[in-house]
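> Requesting a structural model of the entry that follows:
(one chain, ligands or ions: 1)
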Amino acid sequence: MKILVSNDDGIFAQGLRALTYELKQIGQVVVVAPDREQAATGTAVSLHQPIRVHQVAPVVPGVESYAVRGTPGDCVIVALGKLITDRVDLVICGINHGANLGDDVPISGTVGAALQAYLHGLPAIAISVPGSNNPPLDTAAKLAVLLAKGIGLGMLPANVFLNVNLPDLPPAKIGGISITHLANRNYTDVVEERDDGGYPYYWVVRQRRNQATDKQTDTWAVEHGNISITLLHANLDKSPPPLPDNLCSDLFQQLRAS
Ligand code: MN
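This next block holds a predicted model:
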């Protein structure tokens, strides 16, 4: 199984390394990631400026790794179009440091990278943990392996990609896995006026308005101790097809056993 790994936190992120380390156990991994933080770049691609790429020291020993001066979407496009010449079976983006829930999803660089893979016709996963001091990176990486194996066995419907979020809990405290819809995460963007030595500028401060109330949503799932998996697609006017009933319970049992 040939797996492309990317992210939006940059090539030096701990989550990228944890993901690559686990995926290397089940496949041939290539890392192509931005050379710096690219959070909240969403679906952006660079069509009007050069995209420079440097092969760098392996993120994990033995794993071909490239740093890209560009967006997460650029990374996937350049990887699939030039850097990797043989067939890629799966693209996984993350493990993002910070949840990507509800209204975060359209601006998420992590999801934007997965979207590019999906638009290239490949199975794709965006996976995120909360931005806390001790995020559950190991659990997320193990879940990514299980999902990758499942996708290898044809688990994923052809016309969707996955947005996965973990709660901020140790493995034993996680309640289960839920298939969810995107919440309205209800942000208020406060635009502050600041000053940089006489040069005024604006700074957007994003504030949460309230807790999730809809139990079908990704935000509710994570706030109540569950792993959230949302099926995303780019046919914006259509609903995705259903998944098998027992998928979540099977997957959670495997995660517990891993
Ligand atoms: Mn990020």
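
> Can you give me the separation between the most centrally placed residue in the chain and Ile84?
Nearest residue to the geometric centre of the chain (Cα atoms, centre = their mean): Ala126, 2.4 Å. Separation of Ala126 from Ile84 (Cβ to Cβ, to the nearest Å) stands at 19 Å. Bear in mind the C-beta positions are built from the backbone N, C-alpha and C, glycine included.

> If we go by neighbour counts, what in the helix or strand containing Ala114 is buried?
Element membership of Ala114, judged by DSSP states H and E, is helix 109-119. Residues of helix 109-119 classed as buried: 109-118 (neighbour count, 16 or more other Cβ atoms under 10 Å).

> Quick check: closest non-adjacent residue to the closest residue to the ion within the stretch 101-250 of the chain.
Of all residues in the stretch 101-250 of the chain, Thr110 sits closest to the ion, at 5.7 Å by Cβ to the ion. Spatial nearest neighbour of Thr110, chain neighbours left out: Asn96 (4.3 Å); criterion: Cβ to Cβ, 6 or more residues apart in numbering.

> Distance of that neighbour relative to the ion?
4 Å (Cβ to the ion, to the nearest Å).

> for the record, mean pLDDT for the helix or strand hosting that residue?
Taking DSSP H and E as the definition, Asn96 sits inside strand 90-97. Taken as a whole, strand 90-97 has an average pLDDT of 98.

> ok, now stretch 210-230?
Averaging pLDDT along stretch 210-230 yields 93.

> CA atoms only for it, dumped as PDB, please.
Coordinates of each C-alpha in stretch 210-230 appear next as PDB, following Å, rounded to 0.1, in the frame of the first residue of the first chain:
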ATOM      1  CA  ASN A 210     -22.000  28.100  22.600                       C
ATOM      2  CA  GLN A 211     -21.900  24.400  23.200                       C
ATOM      3  CA  ALA A 212     -23.200  21.900  20.600                       C
ATOM      4  CA  THR A 213     -26.800  20.700  21.200                       C
ATOM      5  CA  ASP A 214     -27.400  18.500  18.100                       C
ATOM      6  CA  LYS A 215     -26.400  14.900  19.000                       C
ATOM      7  CA  GLN A 216     -25.800  14.000  15.400                       C
ATOM      8  CA  THR A 217     -22.900  16.500  15.000                       C
ATOM      9  CA  ASP A 218     -19.100  16.200  15.100                       C
ATOM     10  CA  THR A 219     -18.800  18.800  17.800                       C
ATOM     11  CA  TRP A 220     -21.300  17.000  20.100                       C
ATOM     12  CA  ALA A 221     -19.500  13.700  19.600                       C
ATOM     13  CA  VAL A 222     -16.100  15.000  20.500                       C
ATOM     14  CA  GLU A 223     -17.400  17.100  23.500                       C
ATOM     15  CA  HIS A 224     -19.000  13.900  24.800                       C
ATOM     16  CA  GLY A 225     -15.900  11.700  24.600                       C
ATOM     17  CA  ASN A 226     -16.400  10.000  21.200                       C
ATOM     18  CA  ILE A 227     -14.300   9.900  18.100                       C
ATOM     19  CA  SER A 228     -16.100  11.700  15.300                       C
ATOM     20  CA  ILE A 229     -16.000  10.500  11.600                       C
ATOM     21  CA  THR A 230     -17.700  12.800   9.100                       C
END
